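Asks: only geometry, no sequence info:
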DNA sequence: AATCATGTCAACCGCAGTGCG
DNA sequence: CCGCACTGCGGTTGACATGAT
């Protein structure tokens, strides 16, 4: 995979790295450590730009990097962190166990984001998707007003605030929590290919009444009423605990509730 | 079997932040 | 304070893999 090799105007190689190049870079860094990426390629005998070397080292060659499929726990962690941090992949990566920001970003964009969308959750706001409705809400905790749509982006803190609001109102909308839980409790891909196929079958089930009804689309009026309850107090942590309660070990309890 | 669509992942690009002279 | 060089980050691209038709 990757890109074909080519050479740019400065004689710098681009594209896919060869095993030999990897070996050279690793050998050099092991011996001299990382310093001055700009001059490193020359010193290491590589026809690459420093930026390319840095990226290769950080995302691929650096020792201890965890690669391959994401576990369910890791995916939960990503969703949880994304709700708080937004698209700050480097910050998310720091909280994860030796996953690179690039890896997390790729997995989010190719998999998690789409899964959330399929389940009627906006991946940017982590809110239920609303019927083409622009929702204006006063964000007291963040000290500002914000206008969001189901497809809009918002600042991480704003997103967290909205999510807390969602959590605060969850008692009156238990099915919302159920829907969110559902995403996290789904049998995960990582266990086996069979699981993956079954999940895909479920998600792409054609003609089943469950399919369309399963999306959580709030009616405009319902949403308006919900958003009007602005005098509630929320905190970040309660939202997270609500969002994730019932996952893994608590799965049984969640079903009961 | 061929073609098309979608998923995955490595790598590139451009910009913002930071440090230094 | 300003400009430059360097680093780090997030968004995007491109090639290959895999599945669906």
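Replies: Here it is on my side, so go on. On a predicted model such as this, the values are computed, not experimentally measured, just so you know.

Asks: only C-alpha atoms for contact and neighbour calcs from this point on.
Replies: Will do.

Asks: around DNA strand C, which positions in chain A sit nearby?
Replies: By CA under 7 Å from any atom of the strand, the residues of chain A that approach DNA strand C are A:1-4, A:35-38, A:50-51, A:54, A:87-91, A:101-102, A:105-106.

Asks: quick one, which of those are buried?
Replies: When neighbours are counted using 16 or more other CA atoms under 10 Å, these contain these buried positions: A:50, A:54, A:87, A:89, A:90, A:101, A:102, A:105.

Asks: TSV for those, including secondary structure and pLDDT?
Replies: Below are those laid out as TSV (DSSP: H, G, I helix; E, B strand; the rest coil; pLDDT from 0 to 100):
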residue	secondary structure	pLDDT
A:50	helix	89
A:54	helix	91
A:87	coil	88
A:89	helix	91
A:90	helix	90
A:101	helix	91
A:102	helix	92
A:105	helix	92
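
Asks: out of these, who's near DNA strand B?
Replies: Counting by CA under 7 Å from any atom of the strand, residue A:102 from these sit close to DNA strand B.

Asks: what's the farthest-apart pair in the buried ones among the residues of chain A next to DNA strand C?
Replies: The most widely separated members of these are A:50 and A:87, with 25.2 Å between them, by CA to CA.

Asks: state the distance from the residue of the stretch 51-200 of chain A found nearest DNA strand C to DNA strand B.
Replies: Among residues of the stretch 51-200 of chain A, the one nearest DNA strand C by CA to the nearest atom of the strand turns out to be residue A:88. It sits 2.7 Å away. From residue A:88 over to DNA strand B the distance is 12 Å, taken as CA to the nearest atom of the strand, to the nearest Å.

Asks: got a list of what that residue touches?
Replies: Contact partners of residue A:88, counting by CA atoms under 8 Å, 6 or more residues apart in numbering, are residue A:82.

Asks: ok, now how distant is it from residue A:47?
Replies: Here residue A:88 is placed at a distance of 31 Å from residue A:47 (CA to CA, to the nearest Å).

Asks: could you pull up phi and psi at the closest residue to DNA strand B within chain A?
Replies: Sorted by distance to DNA strand B under CA to the nearest atom of the strand, the residues of chain A start with residue A:14, at 3.2 Å. Phi and psi for residue A:14, reported as degrees, to the nearest 10, are phi -130, psi 170.

Asks: OK, contacts around the closest residue to residue A:37 other than its chain neighbours?
Replies: Taking CA to CA, 6 or more residues apart in numbering as the measure, residue A:37 lies nearest to residue A:50, with 4.6 Å between them; neighbours along the chain are not counted. For residue A:50, the contacting residues are A:37, A:38, A:39, A:40, A:41, taking CA under 8 Å, 6+ apart as the criterion.

Asks: could those residues go into CSV alongside secondary structure and pLDDT?
Replies: Compiled in CSV, the contacts of residue A:50 are given as follows (three-state DSSP; pLDDT from 0 to 100):
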residue, secondary structure, pLDDT
A:37, coil, 89
A:38, coil, 86
A:39, coil, 88
A:40, helix, 90
A:41, helix, 89
